[in-house]
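Visitor: sharing a sequence plus its predicted fold:
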Amino acid sequence: MGKMSHAQIVASLTAYNPKAKLGDLNLYAEAFQQWQEATANIRENGAVCAHPRTGQPMPNPYLAVQTAALKNLQRFARLKTDSLWRVEGEAQP
């Protein structure tokens, strides 16, 4: 899945949710971007990373960001969001 811009996310959500409030779509887009960023960091650095000062293993701080973003995304369960979660290269309907 490629990283989408805020405008791309809102455009996709608007296309599939024409009656949704723009504020809700923007809030979902913000949470989705946070989830994307956190997930990319976790993929790159792992769930356990080195503490910046001590070098000791520690949980990646982006795990908390990812979890918080997912909780926010779940608040909008009524929205049709499948278009955002497709795997890159997957056939579009």
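Guide: Looks like it arrived, so ask away. These numbers were taken from a predicted model, which means no experiment stands behind them.

Visitor: and the strands in this protein?
Guide: Listed in chain order, the strands of the chain (DSSP state E) span 48-50, 57-59.

Visitor: nearest to Thr67, of those?
Guide: strand 57-59 (11.0 Å; CB to CB). Bear in mind the C-beta positions are built from the backbone N, C-alpha and C, glycine included.

Visitor: contacts for the closest one next, please.
Guide: Residues outside strand 57-59 that contact it (CB atoms under 8 Å, 6 or more residues apart in numbering) are 47-51.

Visitor: and the strands of the chain as CSV, adding mean neighbour count?
Guide: Output for these, formatted as CSV (neighbours: other CB atoms under 10 Å):
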stretch, mean neighbour count
strand 48-50, 13
strand 57-59, 11
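
Visitor: save these as JSON lines, and put in distance to Phe32 and mean pLDDT too.
Guide: JSON lines is the format used below for the strands of the chain (distance: least, CB to CB, whole Å; pLDDT from 0 to 100):
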{"stretch": "strand 48-50", "distance to Phe32": "23", "mean pLDDT": "94"}
{"stretch": "strand 57-59", "distance to Phe32": "23", "mean pLDDT": "97"}
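
Visitor: let me have the ones you listed in CSV, extended by distance to Leu27.
Guide: Below are those laid out as CSV (distance: least, CB to CB, whole Å):
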stretch, distance to Leu27
strand 48-50, 29
strand 57-59, 27
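
Visitor: circling back to that earlier point, what is the nearest of the contacts of strand 57-59 to Leu73?
Guide: Nearest member of those to Leu73, counting by CB to CB, is Ala47, at 19.6 Å.

Visitor: would you list the phi and psi of the closest one?
Guide: For Ala47, the backbone dihedrals (degrees, to the nearest 10) come out as phi -70, psi -20.

Visitor: on that earlier part again, please identify which of the contacts of strand 57-59 is nearest to Thr14.
Guide: Closest to Thr14, out of all of these and judged by CB to CB, is Ala47, at 34.2 Å.

Visitor: quick one: contacts for the closest one?
Guide: With CB under 8 Å, 6+ apart, Ala47 has these contacts: 59-60, 63.

Visitor: and if you look at Val65?
Guide: 34, 37-38.

Visitor: for PyMOL, write a command that selects the buried ones of these.
Guide: The PyMOL command for the buried members of those (criterion: 16 or more other CB atoms under 10 Å) is given here:
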select buried, resi 34+38
